[in-house]
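Q: I would like the atomic coordinates for the input below:
(4 chains)
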There are 2 protein chains.
Amino acid sequence: MIHKHANATDVANLAGVSRSAVSRTFTEGASVSPETRAKVMEAAEELGYRVNFLARSLIRQRSELVALVVSDMDHSFRAALVDLLSRKLVAKGFRPVLLPWSEGDEPRQLIDMMLQYNLSGAIVTSDTPPAEIAADAARHGVPLVLVNKASVDSRVAHVNQDADAAGHLAAMALFEAGCQNIVYAGQARPSFSIDSRRASFLMAVATLGMTHRSTVTGGAQNHAGGMRAAQAFLEQGIAADGVYCCNDFFALGFLDGLRGSGIRVPHDLAIVGCDDIVEASWPAYDLTSVRQDTDEIAEACMRALADRIADPHSIAPRILTESTLVRRGSTARKLLGG
Amino acid sequence: MIHKHANATDVANLAGVSRSAVSRTFTEGASVSPETRAKVMEAAEELGYRVNFLARSLIRQRSELVALVVSDMDHSFRAALVDLLSRKLVAKGFRPVLLPWSEGDEPRQLIDMMLQYNLSGAIVTSDTPPAEIAADAARHGVPLVLVNKASVDSRVAHVNQDADAAGHLAAMALFEAGCQNIVYAGQARPSFSIDSRRASFLMAVATLGMTHRSTVTGGAQNHAGGMRAAQAFLEQGIAADGVYCCNDFFALGFLDGLRGSGIRVPHDLAIVGCDDIVEASWPAYDLTSVRQDTDEIAEACMRALADRIADPHSIAPRILTESTLVRRGSTARKLLGG
DNA sequence: GGTGCCGATGCACACCTGTGCAAAGGGTTT
DNA sequence: AAACCCTTTGCACAGGTGTGCATCGGCACC
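A: Below you'll find the model as predicted:
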């Protein structure tokens, strides 16, 4: 048998109070006497009453929904971040709406959603820069948090990896491993987070007295791209003893691309990645990596979102997240006495 | 400047028609003359009008929101499935609300959501069986689709891997590799999808004349669990030439756990996993696997959901998804002339 | 006892849309 | 010309809730 879902009016009738009393019972900070609240709660329990959030959101002009815009979810760094973000959002009473993003998608979809659902906010971890989205969000007063993206609007919050520190850590790892001739491996297509890490890495390489020999690219920033980059590296016969890859996924592909070539890691070639995804720690790879703490990033997103919701018109925060170096076998040359 | 979001009434005034005409213009299958529709569209464009889905959902008693309940999103099979599901849902006009699920979470959260947001439906890919959820969903007429879970209610749709076929394929892969003495490796905690695959695998092992030597376990069904299982396998000195792992993530850990032990894969020991996650194809592992086609699963979920929405009171469909064997190096013993 | 204050309560409006119903209008058939 | 049908349109109600405002009752204080 299908129960018709109970109304606030139904509860009010059963409890012998006005509907306002019911509403106030379920509204934080409203003024209700303990006795009325008790009566209401009892009646609500009996009827299985639940506040209708659609109606609540309609009148409050704000829903508990938060858009989670994400591309490349098959990348485990992204998957881990989405997992953490959705957990933290739910813990705070929000509802994350997952909006998968593909290269070349119309930004209209997100803008539509912001208005159609009175979103509480949106968190964007996609790599393609949706400039219009930022402007529209700001114009309509929808809190927006961008992760690892170039800053586009002073009313939009940003959570970015400290690219300078990250690039420096990567260079330092290769330096400590005794490297002199460095190769940077990454994708061809420009991307804000990747490009800024690359710039600061190259600067640190120079500062530490190492030489940037060459840059190899390999299509997308994933495993296949890394394999292709390794192939290019081998074919060009570049004389290098250290490689920094744009991210871990790519670095794992690079390592796989070297298999069977006779080049030994780390003895002949030290390798460093970025992100510290879980696969980097697996024995088959044992990859040294510049760790991005997904928990810290997610936490920063929550802070930024709360800030925007509390005061949407103030200047938006820009939070820098720290990176740490996780030393593993792929840069252990010195320890091996090489 | 913050635009007050335009009303249907605003659009009606600007277009010189009634509000009903505006509503009908944006309602599929409603009766509006082409001229009125044109006038309305023009006015809507000018005001940047968008239908408020909260109000629409409120009156239609049904929102476009679909709950996506998922645990272990750090498992790349799950991440890939969630990615596909959310893409397909969005393509059909739904909005996936991500509800991360942890072992031991209260099912109340999902039930609340079903009623508070007038969900169009829910897709559950979590492993822990929320029996109450199924009953409540059926009682309130909310379409529910369970993926790889035991059947709990005839009004709930199921999308399950054909476990018999999958178990048979795994056994066949080991048989073709020339194996005789088989070990099953998996987690200790019971799980419907894993357990049913195990049962049919063991039956096929017997049918093909091979011997099930032993079962080793290793905590959770992830990489760490696989490594621990390999350790146990080595310590117990089990005489086996073939291993079937409960899933790929676990199998990769098992392979990593064997490194340095002197056991060569596939020469001394053939290994088969299940799921065919992307990492299985990486050269470092080159794992033979029983493939679960995530696209087929996601497509089946969409069909099941559509079926439930169209006719919530009919008997729910049970869709079996096919598995295929992806042969790779970890069972290539015969080809090597071993 | 009168006055002022404060918390609790109910009324009524607002949030924004979909749709049944009746009416209107135009075209076709008898 | 009347009768009929079909498409289009507007009115008004429904969906379920939050909250400002006025009212009311009780309590403290002078």
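
Q: find the nearest non-adjacent residue to residue A:258, please.
A: Closest residue in space to residue A:258, ignoring its immediate chain neighbours: residue A:230 at 5.2 Å, by CB to CB, 6 or more residues apart in numbering or on different chains. C-beta coordinates here come from the backbone N, C-alpha and C atoms, glycine included.

Q: per-residue pLDDT, residue A:336?
A: With respect to pLDDT, residue A:336 scores 48.

Q: let's verify residue A:145: helix, strand, or coil?
A: strand (DSSP: H, G, I helix; E, B strand; the rest coil).

Q: tally of neighbours for it?
A: Residue A:145: 28 surrounding residues under other CB atoms under 10 Å in any protein chain shown.

Q: quick check, pLDDT for it.
A: 95.

Q: now do residue A:128
A: You'll see residue A:128 listed with a pLDDT of 69.

Q: what does chain A have sitting close to DNA strand D?
A: Listed as neighbours of DNA strand D in chain A under the rule CB under 7 Å from any atom of the strand: A:5, A:7-9, A:19-20, A:23-24, A:26-27, A:30, A:49-52, A:55-56, A:58-60.

Q: the residues you listed also near chain B: which ones?
A: Contacts with chain B are made by A:5, A:50-52, A:55, A:58 out of the residues of chain A next to DNA strand D, judged by CB under 8 Å from any CB of the partner chain.

Q: and these as TSV, adding neighbour count?
A: Converted to TSV, those look like this (neighbours: other CB atoms under 10 Å in any protein chain shown):
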residue	neighbour count
A:5	18
A:50	17
A:51	17
A:52	18
A:55	16
A:58	18
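
Q: export those residues to CSV and tack on secondary structure and pLDDT?
A: What follows is those, written out as CSV (DSSP: H, G, I helix; E, B strand; the rest coil; pLDDT from 0 to 100):
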residue, secondary structure, pLDDT
A:5, coil, 85
A:50, coil, 94
A:51, coil, 95
A:52, coil, 96
A:55, helix, 97
A:58, helix, 95
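
Q: a markdown table please, covering the residues you listed and showing distance to residue B:162.
A: Formatted as a markdown table, those follow (distance: CB to CB, whole Å):
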| residue | distance to residue B:162 |
| --- | --- |
| A:5 | 38 |
| A:50 | 38 |
| A:51 | 43 |
| A:52 | 41 |
| A:55 | 44 |
| A:58 | 45 |
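
Q: just the strands in chain A please.
A: With strands called from DSSP state E, chain A shows them at A:65-70, A:95-100, A:121-124, A:144-147, A:157-161, A:181-186, A:211-217, A:242-245, A:270-275, A:288-292, A:318-321, A:323-326.

Q: dump these to a markdown table, plus distance to chain B.
A: Listed next are these as a markdown table, based on distance: least, CB to the nearest CB, whole Å:
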| stretch | distance to chain B |
| --- | --- |
| strand A:65-70 | 7 |
| strand A:95-100 | 5 |
| strand A:121-124 | 12 |
| strand A:144-147 | 14 |
| strand A:157-161 | 17 |
| strand A:181-186 | 17 |
| strand A:211-217 | 19 |
| strand A:242-245 | 15 |
| strand A:270-275 | 14 |
| strand A:288-292 | 15 |
| strand A:318-321 | 20 |
| strand A:323-326 | 17 |
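
Q: make a markdown table out of those and add distance to residue B:270.
A: Output for these, formatted as a markdown table (distance: least, CB to CB, whole Å):
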| stretch | distance to residue B:270 |
| --- | --- |
| strand A:65-70 | 38 |
| strand A:95-100 | 37 |
| strand A:121-124 | 45 |
| strand A:144-147 | 43 |
| strand A:157-161 | 43 |
| strand A:181-186 | 34 |
| strand A:211-217 | 36 |
| strand A:242-245 | 32 |
| strand A:270-275 | 31 |
| strand A:288-292 | 32 |
| strand A:318-321 | 44 |
| strand A:323-326 | 34 |
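
Q: for those strands, which one sits closest to residue B:204?
A: Residue B:204 lies closest, by CB to CB, to one member of the strands of chain A: strand A:95-100, at 37.5 Å.
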